[in-house]
Each structure stands twice: as C-alpha cells, then as structure tokens.
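Colleague: Generate a structure from the sequence data that follows.
(chains A and B)
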There are 2 protein chains.
Amino acid sequence: MYDGIVQELIDEFGRLPGIGPKSAQRIAFHILQTPSFDVKRLAELLTEVRERVRFCEICGNVAEQERCAICRDPRRNPALICVVEDAKDVAAIERTREFRGLYHVLGGAISPIAGVGPDDLRIAQLMTRLADGTVQEVILATNPNLEGEATASYLSRLLVSMQITLSRLASGLPVGGDLEYADEVTLGRAFEGRRVL
Amino acid sequence: MYDGIVQELIDEFGRLPGIGPKSAQRIAFHILQTPSFDVKRLAELLTEVRERVRFCEICGNVAEQERCAICRDPRRNPALICVVEDAKDVAAIERTREFRGLYHVLGGAISPIAGVGPDDLRIAQLMTRLADGTVQEVILATNPNLEGEATASYLSRLLVSMQITLSRLASGLPVGGDLEYADEVTLGRAFEGRRVL
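Modeller: Residues are numbered from 1 along each chain as shown, chains lettered A, B, ... in the order given. The predicted structure is shown next:
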C-alpha cells in the first residue's frame, strides 16, 4: 500500500503483541513525524536491551548482570520463595511491597494444549534451589486459571514430601470490585476462603 | 520497577500513540524473548525509515524519493486532485481502487482548539498546483467531523472563484451497517443525500 519501507515498518510493528494493523499504521506514521534523534534512541534501546538484558541465573527474572537485582539484595529473605509464571508477575508483586522474599520464575505454566509440559519450565532449577534446606516456605503464585492451577498442583505434589511450607495466593473478590459483577467461580472462592473476623 | 534499561524501553514504547503502560510492558518482554536477529531488523528499520522516508514535494504524501509513487505514475489523471488531511487517508482511498487522480495532503485540519490555522496546512502549495489550469476538479476529502468540515468549507470559499469543480465525499450510512444503530446526524445526512433509483 505504501512505498516499500514504510509498509515493512508497519508489518514489523503489527507483529508485536497486542498491536493490530491499524495501530501499527498509526505508530509507523508517528515515527515518520518524530524527531530523528528520538527514533534513533528507540532503535538503540531495542538493540541494547536485547544484547544486555538476560535472565537471572538463579531465579529467571530479567537482569542486566548474572544475578538480578532482587537475588543480589542481601535484605531479601532467602527462606521464602515465591514461584511465578513470568517475569512480569515479579514486577506486579514487587509493586505491592508486601513480599520481601525471593522469586522463582518458571517461564510459563503447564498447558497440554500449548504443548508446554513440566520439562519446559524451570522446575529442575527450583528443585536445586530447595535442596540445601534454606527455604522454609514456597508460595505458589501461578495465575488463578486452568494452566496456573495445574502447575501449582503439579508443584505441590512434587514438593509435599519436603520439609517446606507450601502456600497459594488467596482467591476472592478484587478489592474495589462489585459483588454483583463477580463471576460465580470467583464468588465461590471468596466464600471458601472467607475469614473469621 | 525493572532494572534500568528494561524500564526505559517500556517508557519509550509507552510514548507511542495508542500504547498504554500494560501494552508497553508486554511489548518490551516480547522483545526480550524475540531472537536478536529480528530485534536488530526492527531497530534498523526504524532508523532507516526515519532517514529515508520523506514527504513528496508535490502532494505531501510519504515518499522515498522527491516525488511519491502516485505523483510519479504517468497513468494517474492530473486533472483531478483529492485533498486529504493525512497521508494515512491516501492509503485508505487507494485501497478502494476507485480514484485514479492525484492527491494533496494538507497535513491536518483547521482546529482553533488545537491551535491549527490555515497557515499551518499545505494550502499555499495547493494553490500553486491549481494555478496553471491543469486541474479541473478538486475533491475535498477531509474527515466528516467538525475540523474536517471547517477545513473543507474554508477551502471551498478559497477556490470558489476559480474555474474548478469542487466536490465533497458523500456522507451517509456505512455499507453493511445497521440503520437502527446509525447516529442521527449520519442518518440525517443519508436522507439529505438520498439518490433517486
């Protein structure tokens, strides 16, 4: 539709997650009208991020060194490990400022449909971390959906024989949400997990 | 939230139009997991597009040479000019394959609120193109909204004394649309513009 290279850029943007052809076109035209300097900065950042950022050798979180900022922090409690599916989940939990332990990023969840089995996740690395007896509690913070629940239940069967407390994040009504609009599964979980006042 | 450079990339993506903080994060993580080669390609394309692509010296459409592919095409009818706000509109009209004339991209529409006046648009260049008498019809294809209508009416007052046919795209019901869901202005326009069968 456009002269070659503009269409190429639109196609490249269209390949990014959550960007449809219309957004891709809008972004490409925005780039055409952005000062050269800023576009260069974005281009450099892309290359730099891809070259410099890797995954922490301990927990699998994003890192610019061999170990991520959380694993390097001596103030974090090494007796507590929170197991999540994705590095994005680490960021979400960090924002709550509720958790002062370490993380373990699985890199996904068990999903027979997507062809992801336990061997595709960083489960062996988790077992290695748990072997020396430092860890006292493992919080299974996989997503509260089919794949996340399957993964949590797989891990709990794997870890049940070890001297480690296992826990799972509470399911229930979102804070600020409206009971009327909650789906029945969430509402059911909220009843199950009700707390005595 | 993240180690410096990842957050920088998220911020840069968040500056692009239509990308919120959540999408920016998802895209940045996608980049981290995309093969280096592909990321490099995107980075190069960004720089290349910004360096190579310019705006056609005649019509203002995007171009890789001094003149765009449409202005260079000898099969296009030079007696017919379609005036649009934006280069994206050229692409939209080209997709219809209905129009075989040339274009003139204004680079926006008159909008007192956004501080855009006639002098900020490529109107002087349009007048120059019309001066030699080649052009017989000008189609005012600015958007059917407040700014677009204001721009079209400004241009029609400017061009009315010239020996040129002026036209405006038809307003009416979208094809495939549902009469019931049409807003009253559109429906009113559809009545006004009704055609005898």
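Colleague: helices or strands up against the longest strand seen in chain A?
Modeller: Longest strand in chain A by number of residues, with DSSP state E as the criterion: strand A:77-84. If you count contacts as 3 or more Cβ pairs under 8 Å, 6 or more residues apart in numbering or on different chains; DSSP states H and E, strand A:77-84 packs onto helix A:87-96, strand A:101-105, helix A:123-130, strand A:137-140. All C-beta atoms are positioned from the backbone trio N, CA, C, and that covers glycine.
Colleague: so can I have TSV of those showing mean neighbour count and mean pLDDT?
Modeller: Compiled in TSV, those are given as follows (neighbours: other Cβ atoms under 10 Å in any protein chain shown; pLDDT from 0 to 100):
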stretch	mean neighbour count	mean pLDDT
helix A:87-96	17	86
strand A:101-105	23	96
helix A:123-130	16	95
strand A:137-140	20	92
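Colleague: Would you mind giving these as JSON lines with distance to chain B added?
Modeller: Shown next, in JSON lines, are those (distance: least, Cβ to the nearest Cβ, whole Å):
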{"stretch": "helix A:87-96", "distance to chain B": "5"}
{"stretch": "strand A:101-105", "distance to chain B": "11"}
{"stretch": "helix A:123-130", "distance to chain B": "18"}
{"stretch": "strand A:137-140", "distance to chain B": "20"}
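Colleague: quick one: which of the ones you listed is nearest residue B:109?
Modeller: helix A:87-96 (39.7 Å; Cβ to Cβ).
Colleague: Return the set of buried residues in the longest strand of chain A.
Modeller: Under the neighbour-count criterion of 16 or more other Cβ atoms under 10 Å in any protein chain shown, strand A:77-84 has A:80-84 buried.
Colleague: Same question for stretch A:162-171.
Modeller: A:168-169.
Colleague: same deal with stretch A:22-32?
Modeller: Buried residues in stretch A:22-32 (16+ other Cβ under 10 Å): A:23-29, A:31-32.
Colleague: in chain A, which spans are helices?
Modeller: For chain A, applying DSSP state H gives helices covering A:4-14, A:21-32, A:36-52, A:69-72, A:87-96, A:123-130, A:146-159, A:184-192.
Colleague: contacting residues around the last one?
Modeller: Where contact means Cβ atoms under 8 Å, 6 or more residues apart in numbering or on different chains, the residues beyond helix A:184-192 that reach it are A:171-173, A:179, A:182.
Colleague: how about a markdown table for those, with distance to residue A:67 and pLDDT added?
Modeller: Formatted as a markdown table, these follow (distance: Cβ to Cβ, whole Å; pLDDT from 0 to 100):
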| residue | distance to residue A:67 | pLDDT |
| --- | --- | --- |
| A:171 | 32 | 79 |
| A:172 | 35 | 81 |
| A:173 | 38 | 75 |
| A:179 | 44 | 71 |
| A:182 | 40 | 75 |
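Colleague: Ranking by neighbours, what's the top pick from those?
Modeller: Most neighbours among those, by other Cβ atoms under 10 Å in any protein chain shown: residue A:172, with 19 neighbours.
Colleague: and that one, how far is that from residue A:137?
Modeller: 21 Å (Cβ to Cβ, to the nearest Å).
Colleague: And residue A:125, by the same measure?
Modeller: 18 Å.
Colleague: Student question: in chain A, what's the helix or strand with minimum average pLDDT?
Modeller: Of the helices and strands making up chain A, the lowest-confidence element is helix A:184-192, at a mean of 78, by mean pLDDT, DSSP states H and E.
Colleague: so how far is that one off the chain centroid?
Modeller: Helix A:184-192 sits 24 Å away from the centroid of its parent chain (Cα atoms, centre = their mean, to the nearest Å).
Colleague: Flag every buried residue along that helix.
Modeller: Buried residues in helix A:184-192 (16+ other Cβ under 10 Å): A:186, A:189-190.
Colleague: send the alpha carbons of that helix over as PDB?
Modeller: Extracted C-alpha coordinates of helix A:184-192, given in PDB (Å, rounded to 0.1, in the frame of the first residue of the first chain):
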ATOM      1  CA  GLU A 184     -19.600 -17.300  40.100                       C
ATOM      2  CA  VAL A 185     -16.200 -19.100  40.400                       C
ATOM      3  CA  THR A 186     -14.600 -16.100  42.000                       C
ATOM      4  CA  LEU A 187     -17.500 -15.600  44.300                       C
ATOM      5  CA  GLY A 188     -17.400 -19.300  45.200                       C
ATOM      6  CA  ARG A 189     -13.700 -18.900  46.000                       C
ATOM      7  CA  ALA A 190     -14.400 -15.800  48.100                       C
ATOM      8  CA  PHE A 191     -16.900 -17.900  50.200                       C
ATOM      9  CA  GLU A 192     -14.500 -20.800  50.500                       C
END
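Colleague: quick one, what contacts the spatially most central residue of chain A?
Modeller: Nearest to the mean C-alpha position of chain A, by Cα atoms, centre = their mean, lies residue A:86 at 2.2 Å. Counting by Cβ under 8 Å, 6+ apart, residue A:86 makes contact with A:105-108, B:29.
Colleague: do the same with residue A:29
Modeller: Residue A:29 neighbours (Cβ under 8 Å, 6+ apart): B:62, B:86-88.
Colleague: quick revisit: can you add distance to residue A:154 and give the buried residues of stretch A:22-32 back as TSV?
Modeller: Formatted as TSV, these follow (distance: Cβ to Cβ, whole Å):
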residue	distance to residue A:154
A:23	37
A:24	38
A:25	43
A:26	43
A:27	40
A:28	43
A:29	47
A:31	44
A:32	49
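Colleague: From chain B, how far out is the closest residue to residue A:163 other than its chain neighbours?
Modeller: Nearest residue to residue A:163, sequence neighbours excluded (Cβ to Cβ, 6 or more residues apart in numbering or on different chains): residue A:133, at 7.7 Å. Per Cβ to the nearest Cβ, to the nearest Å, residue A:133 is found 30 Å from chain B.
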